[in-house]
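[1] sequence and predicted structure are below.
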Amino acid sequence: MSVALITGAASGLGKEFAKLYAKENDVLVLVDKNENGLNVLKEELLKNNSNLKVHLLIKDLTNIAEVKSVYEYTTSLNLKVTTLINAAGFGDREDFIKMDIDKQILMTNLNCNTLLYLTNVYVKEMVKNNEGHIINVSSIAGFIPGPYMCTYHATKGFVLLLGESISYELKGTNVKLLTLCPGPFNSNFVKLAHNDFTFSKIKPVEASSVALYAYKMSKKGKNLAIVGLKNKLTIFITRFFNRNFVTKVSAKSIKKGV
């Protein structure tokens, strides 16, 4: 029995992943704090596949106790997760000295600690069974400093470095971890992050295309997937400039008038 667990499944990228993995799994475990969004998604998935078993977990994943309860739930039902997708996360465009530090800590909890915990507990089971796929959602933001959005960039850098390191340690096993690094894509992110300026300059792609690309790269056993040729070139080019210049350019793309 194949089981896929997806966080942030009620909308955006997580929702698109759920649609994809519903086609090949017997069981989906969908986690989000948006109960209505999960219920709508479940109804849609079951219309397409009435044999699919869908578990909905209404959890606030900024709270580590609720994160741990996800693992306790799957363990109690003896659900052996064969695919884990850590898609939950959020950002915030704000000057460092003006930011709500409590919000930043919640962001760090969700983007970093939740992903770290779930990856750790499920990869152990996967290695034991010598099979499994993990997709951790980072961002092209993880490659560069992000003045005026510094916590978000830092958390995505954490996800990127963590994923690359774990992938190396998994060599010799049939467990694969893909770190996904998209640029802007259509979702609720821009509204929650107050990052309209960046999105006004860069045309976002569809979340469905990002999910499909990640799905294909994961099946190929890749450890890193940067979405889009332009994003790949951007990251490559930064190698040829000093960090101060890269930081300056990044700042100008995030905050108007800098």
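    It's in. Since we're looking at a predicted model, the values are computed, not measured.

[2] what's around residue 179, how many residues?
    Counted with other C-beta atoms under 10 Å, residues neighbouring residue 179 total 28. Bear in mind the C-beta positions are built from the backbone N, C-alpha and C, glycine included.

[3] right, and it touches residue 158 too?
    No - taking contacts as C-beta atoms under 8 Å, residue 179 lies outside contact range of residue 158: 10.8 Å.

[4] before we move on, what's the pLDDT of the closest residue to residue 60 other than its chain neighbours?
    Leaving aside its sequence neighbours, residue 60 sits nearest to residue 33 (C-beta to C-beta, 6 or more residues apart in numbering; 4.8 Å). Residue 33 carries a pLDDT value of 97.

[5] now the helices for this protein?
    Remark: helices assigned in the chain by DSSP state H are 12-21, 35-48, 64-76, 101-108, 115-129, 150-169, 189-193, 196-201, 207-219, 229-237, 243-254.

[6] where in this structure is pLDDT low?
    187-202, 257 (pLDDT under 70).

[7] residue 60 - how many residues pack around it?
    Neighbours around residue 60, by other C-beta under 10 Å: 13.

[8] just checking, it touches residue 88?
    No - taking C-beta under 8 Å as the definition, residue 60 is not a contact partner of residue 88, at 10.1 Å.

[9] pull out the buried positions in stretch 128-145.
    131-145 (16 or more other C-beta atoms under 10 Å).

[10] return the member of the residues you listed nearest to residue 5.
    residue 134 (9.9 Å; C-beta to C-beta).

[11] so what's the closest one up against?
    Neighbour list for residue 134: 83-86, 119, 122-123, 126, 175-178 [criterion: C-beta atoms under 8 Å, 6 or more residues apart in numbering].

[12] and if you look at residue 115?
    Listed by C-beta under 8 Å, 6+ apart, the contact set of residue 115 reads 86, 88-89, 136, 159, 162.

[13] distance check, it against residue 65.
    16 Å (C-beta to C-beta, to the nearest Å).

[14] just residue 230 next, same as before
    Distance of residue 230 to residue 65, given as C-beta to C-beta: 41 Å.

[15] higher neighbour count, those two?
    Between residue 230 and residue 65, counted using other C-beta under 10 Å, the more crowded position is residue 230 (12 against 8).

[16] let me see the backbone angles for the closest residue to the more buried one other than its chain neighbours.
    Spatial nearest neighbour of residue 230, excluding adjacent residues (C-beta to C-beta, 6+ apart): residue 183 at 7.5 Å. Backbone dihedrals for residue 183, given as degrees, to the nearest 10, come out at phi -90, psi -160.

[17] ok, residue 183 - how many residues close by?
    Residue 183, neighbours per other C-beta under 10 Å, totals 21.

[18] close enough to count as contact, it and residue 138?
    No - contact criterion C-beta under 8 Å: residue 183 and residue 138 do not qualify, at 11.4 Å.
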